[in-house]
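**Student:** Based on what follows, work out the 3D shape:
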Amino acid sequence: MADKPNIILILNDDMGFSDLGCYGGEVDTPNLDRLAARGLRYSQFYNTARCCPSRGSLLTGLYPHQADIGHMMGTHGLDGYLGDLSPRSVTIAEALKTGGYATFMSGKWHVTRFVESPKHNWPCQRGFDDFYGIITGAANFYQPRTLTRNNERITAEGDDYFITDAISDQAARQIREHAENGEGSPFFQYVAYTAPHWPLHAHEEDIAKYKGRFDAGWDELRVQRQARLRDMGVLDPDWQLSERDPRVPPWEAAPDKEWECRRMEVYAAQIDRMDQGIGRILQALEDTGQLDNTWIVFLADNGGCAEELESSMAERVATGWEQIGTSTTRQGEPVRFGNSPEIWPGGEDTYASYGIPWANVSNAPFRLYKHWVHE
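**Tutor:** Below is the predicted model of the structure:
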């Protein structure tokens, strides 16, 4: 490996500790499993309980409050809680540029409350040579509202547009273009997926792969994950499985089991699609002869998310949250919001989450979720 290897930092959104195959989960993640087999898996790792504080720390090496992102994107009128990356901070992209690195980003930014203007804390003003992605913290996977290339707002193109694929393909393109035009300089790339953050959007062919895989229910699956983690050596054998969330009924007593399984099947498909894209990024490295000269780090921002979406989400999107959702599909059909057995998640005309029971599985063997700070 060269003195200045390439560095790829891959971050995904709202994924639990034990969802990946290489961490005992049921999701097929052959590309991440391959990286894990050739590298290191962390068994103890610290992040924050929310998305943007983790990102602020990751980008700057500072505690979230030092980066002025102590809690989300609102401004609370207090130092450390300004919702906008501190001008006193230096991002990893800015630092590496001084060492001769080219810098690229594809994906979710979410470290400034200024999603339209000013643009002083957009990626290209914070050290990145090339940026494709969203400025906000969430998006409709089929028609993201704050889609941006460098400093210009753009619209999603093509009937087959899907943001997970777009993030992967842009990252692979950046690698190939740099290999052709970069004059041998090393590169740093930050790939920040929105998956598997809600809404539960996924391709039917990916969802179909997981039909029946979660039929054993959340109680048994948590036990199975703990056993696999122990067998893999990731989890200390003395570590006990936390109790089921008291708000969640035993699986045997759960109503609407088919719908509940569908929620987890879509969630799994979101992660599966991301792993497929990571495979294309790895292929770009192989095709350009750079795989063995590249450090690749993969992590998640804050653990599985237990947020239950209600039908009232429709009003919020219509009156203030339009940047993270849409009221109609690209074909003009109304989007159905909320977690209800009457709404089968996955399609563009739905906006749902997988909720408390499955987040309890995602974070097995631990307790609680995104939002909670504990050890």
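**Student:** in a strand, that's where Phe131 is, yeah?
**Tutor:** Yes: assigned with DSSP: H, G, I helix; E, B strand; the rest coil, Phe131 falls within a strand.
**Student:** That one and Asn150 touch, don't they?
**Tutor:** Yes: because the distance of 5.4 Å satisfies CB atoms under 8 Å, Phe131 is recorded as touching Asn150. Glycine gets a C-beta too; all of them are placed from N, C-alpha and C.
**Student:** Between these two, which is the more surrounded one?
**Tutor:** Phe131 (25 against 14; other CB atoms under 10 Å).
**Student:** What's the local residue count around the nearest residue to Phe141 once chain neighbours are set aside?
**Tutor:** Excluding its sequence neighbours, the residue lying closest to Phe141 (CB to CB, 6 or more residues apart in numbering) is His201, at 3.7 Å. By other CB under 10 Å, 26 other residues sit near His201.
**Student:** Distance from the chain centre to stretch 109-116, please.
**Tutor:** 17 Å (CA atoms, centre = their mean, to the nearest Å).
**Student:** Identify the residues contacting that stretch?
**Tutor:** Contact partners of stretch 109-116, identified using CB atoms under 8 Å, 6 or more residues apart in numbering, comprise 51-52, 55-56, 59, 67, 69, 73-75, 83-85, 120-123, 131, 133-137, 146, 192, 323.
**Student:** Show the buried residues in those residues.
**Tutor:** Among the contacts of stretch 109-116, the ones that count as buried by 16 or more other CB atoms under 10 Å are 51-52, 55-56, 59, 67, 69, 73, 83-85, 121-123, 131, 133-137, 146, 192, 323.
**Student:** Filter those residues down to the ones in strands?
**Tutor:** Within those, residues falling in strands by DSSP state E are 131, 133-134, 192.
**Student:** want to throw these into TSV with distance to Gly277 and pLDDT?
**Tutor:** Below are these laid out as TSV (distance: CB to CB, whole Å; pLDDT from 0 to 100):
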residue	distance to Gly277	pLDDT
Phe131	17	98
Gly133	13	97
Ile134	16	96
Ala192	12	98
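**Student:** circling back: keep only those of the buried ones among the contacts of stretch 109-116 that are in helices.
**Tutor:** Mapping those onto helices (DSSP state H) picks out 51-52, 55-56, 59.
**Student:** tell me the least confident of the residues you listed?
**Tutor:** When these are sorted by pLDDT, the bottom entry is Cys51 at 85.
**Student:** Now it: closest residue in space, sequence neighbours ignored.
**Tutor:** Excluding its sequence neighbours, the residue lying closest to Cys51 (CB to CB, 6+ apart) is Asp301, at 5.2 Å.
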